[in-house]
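1. structure for this input, please:
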Amino acid sequence: MSHSDVKTPMRSGSCGPLTGRADVPGDKSISHRALIFGAMAVGHTKITGLLEGQDVLDTAKAMRSFGADVTRDADGVWHVHGVGVGGFAEPDHVIDCGNSGTGVRLIMGAMATSPISATFTGDASLNKRPMARVTDPLALFGAQAVGRSGGRLPMTIVGAADPVPVTYTVPVPSAQVKSAVLLAALNAPGQTTVIEREATRDHTERMLAGFGADIRVEETDAGRVITLTGQPELTPQTITVPRDPSSAAFPVCAALITPGSDVLVPTIGLNPTRAGLFTTLQEMGADLTFENLREEGGEPVADLRARYSPNMHGVTVPPERAASMIDEYPILSVVAANATGTTQMHGVAELRVKESDRIAAMADGLRACGVTVDDGPDWWSVTGLGAGNVPGGATCASHLDHRIAMSFLILGMAAQNAVSVDDGEPIATSFPIFETLMNGLGAGIERI
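-> Numbering: from 1, shown residues only. Below is the predicted model:
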């Protein structure tokens, strides 16, 4: 049953201090990639800490459809027996990627240079999202795409029988586009070069190196240049997925705006291409500390402590930081509403084409809760009311977007009146334990 079939209205009101340990799920970006690279390796990849949200489960199902053996132990350890680069079988049914833009775009890349065809679909939200940004560069390898008008799902990809290497400059900062091209390049002969003018999350590059691919990354005047030699034999790995900083953002930000709170979020991934939110919060005056800094699975991690911070102030978030925190702007806007002064966010056009138009969705809901918001095509600003001064009291539309739903539920914890969302069902796509975890810390989220 799709998200459009079932709705779960939810409400969150003022609560006591949030205290304790928040064990958030594994990183969604790394979980997707671990399954896909495991399926493209030869042999057994073992994954612990995999995010078991619906988005990632849909990717696991897709890898089975392409011929990989993907199983889960009773203790939560996942096993992928891969088929090798170029070894994907043609699926015998439509690949349903649910709500996941990351899943569908990466999987399209992974199969685009094999001589097979696959048809992709998703839920109502995913089927509105643009796919041409991926299918255009995949066509350079020789793949063909046939879909709905505007390059939308459902869409069939006909993989290239004789793929060729390419040189591609990513037109907009997008880790999904970059990763789709690199995945396609794995089964193309010779060297493929991807150039990104602004660095985006680099989990794909790190994981490719870990699986034994010949990949080189250089910083040049033209930008970040990634060169990958195709047709390697990827070596299976044992992967420990760090906890997701995008999910950690919710208990962290809730603690910052809820009086008396002190929350520890352990083992959070601090990849510098993902940590923009925490930098921004510290600039705003947030009481954040990083403890036990270390490296796990090739990724920097730390234990993050967040304490109530009633004296935060607005800042200007520079456009060059957008790629490192693109998923965190909705929850940042909630913190900004509880700060003093104006927080300005620039270079965020990508938010218009996420699971929803996240700028419009957050602006509408914040305004309904008494907060002043201004916005343009690639910017928006939130004028804060200070700690505890957001009126709240509205029911906000989630637009089938997990991050919008969670953001407004966090807003309700510090607002003068409870805040509701029309549908919390999409939260399960990335953070299935959100409600239980937040209420365990002391929140009062309820289903209505």
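
2. stretch 54-70: which residues count as buried?
-> For stretch 54-70, the neighbour count (16 or more other CB atoms under 10 Å) marks 54-63, 65-68, 70 as buried. Where C-beta positions appear, they are placed from N, C-alpha and C, glycine not excepted.

3. make that stretch 427-444, sorry
-> 427-435, 437-438, 441-444.

4. for that stretch, the distance to its chain's centre please.
-> In terms of CA atoms, centre = their mean, to the nearest Å, the centre of stretch 427-444 is set 17 Å apart from its chain centre.

5. in the stretch 301-448 of the chain, which spans are strands?
-> Under the criterion DSSP state E, counting those that start in this stretch, strands of the stretch 301-448 of the chain are mapped to 316-317, 340-346, 372-376, 379-385, 395-396, 419-421, 445-447.

6. I'd like to know which elements the first one is packed against.
-> Contacts defined by 3 or more CB pairs under 8 Å, 6 or more residues apart in numbering; DSSP states H and E place strand 316-317 against strand 340-346.

7. what does the strand it packs on contact?
-> 284, 311-319, 322, 329, 332-333, 336, 378-384, 386 (CB atoms under 8 Å, 6 or more residues apart in numbering).

8. and of the strands of the stretch 301-448 of the chain, who's closest to residue 184?
-> Taking CB to CB, strand 340-346 is the member of these nearest to residue 184, at 31.8 Å.

9. give me the mean pLDDT for the closest one.
-> For strand 340-346, mean pLDDT is 98.

10. quick check: closest non-adjacent residue to residue 155.
-> Nearest non-adjacent residue to residue 155, counting by CB to CB, 6 or more residues apart in numbering: residue 147, 3.1 Å away.

11. follow-up on the earlier one: from the buried residues of stretch 54-70, which land in strands?
-> When DSSP state E is applied, the buried residues of stretch 54-70 are split such that residue 70 fall in strands.

12. name the nearest of the buried residues of stretch 54-70 relative to residue 301.
-> Nearest to residue 301 among those is residue 56, at 19.1 Å by CB to CB.

13. now do the closest residue to residue 250 other than its chain neighbours against residue 188, distance only.
-> Leaving aside its chain neighbours, residue 250 sits nearest to residue 406 (5.2 Å; criterion: CB to CB, 6+ apart). Applying CB to CB, to the nearest Å, the value for residue 406 to residue 188 is 39 Å.

14. neighbour count winner among the two?
-> Between residue 406 and residue 188, counted using other CB atoms under 10 Å, the more crowded position is residue 406 (31 against 25).

15. quick one: that one and residue 331 touch, right?
-> Yes - Residue 406 is in contact with residue 331 according to CB atoms under 8 Å; the separation is 7.3 Å.

16. what's the overlap in contacts for those two?
-> Applying CB under 8 Å, 6+ apart, one finds that residue 406 and residue 331 are jointly contacted by residue 250.

17. how many neighbours does residue 6 have?
-> Residue 6: 9 neighbours (other CB under 10 Å).

18. nope, residue 377 is what I meant
-> The tally of other residues near residue 377 (other CB under 10 Å) stands at 9.

19. now do residue 255
-> Using other CB under 10 Å, the number of residues around residue 255 comes to 30.

20. same for the helix or strand hosting it, what does it pack against?
-> Per DSSP states H and E: residue 255 is located in helix 245-257. Secondary-structure packing of helix 245-257 (3+ CB pairs under 8 Å, 6+ apart): strand 262-269, helix 276-283, strand 287-296, strand 299-307, helix 329-337, helix 402-414, helix 434-441.

21. between the longest one and helix 329-337, how big is the angle?
-> Helix 402-414 and helix 329-337 are oriented at 20 degrees to each other (axes from the mean of the first three to the mean of the last three CA atoms, to 10 degrees).

22. gap between helix 402-414 and the chain center?
-> For helix 402-414, the distance to the chain centre is 17 Å (CA atoms, centre = their mean).

23. repeat that for the fourth one.
-> Relative to the chain's own centre, strand 299-307 is displaced by 18 Å; criterion: CA atoms, centre = their mean.

24. so what angle separates the directions of that strand and strand 262-269?
-> Interaxial angle, strand 299-307 versus strand 262-269 (the same axes, to 10 degrees): 170 degrees.

25. and for the longest one?
-> For helix 402-414 against strand 262-269, the angle by the same axes, to 10 degrees is 160 degrees.

26. tilt between helix 402-414 and helix 245-257?
-> Interaxial angle, helix 402-414 versus helix 245-257 (the same axes, to 10 degrees): 10 degrees.

27. residues touching the residue located most distally from the centre of the chain, list them.
-> In the chain, residue 162 marks the outermost C-alpha relative to the chain mean, sitting 32.4 Å out by CA atoms, centre = their mean. When the contact criterion is CB under 8 Å, 6+ apart, the partners of residue 162 are residue 142.

28. which residue ranges of the stretch 1-150 of the chain form helices?
-> Counting by DSSP state H, counting those that start in this stretch, the stretch 1-150 of the chain has helices at residues 28-40, 54-65, 101-111, 132-141.
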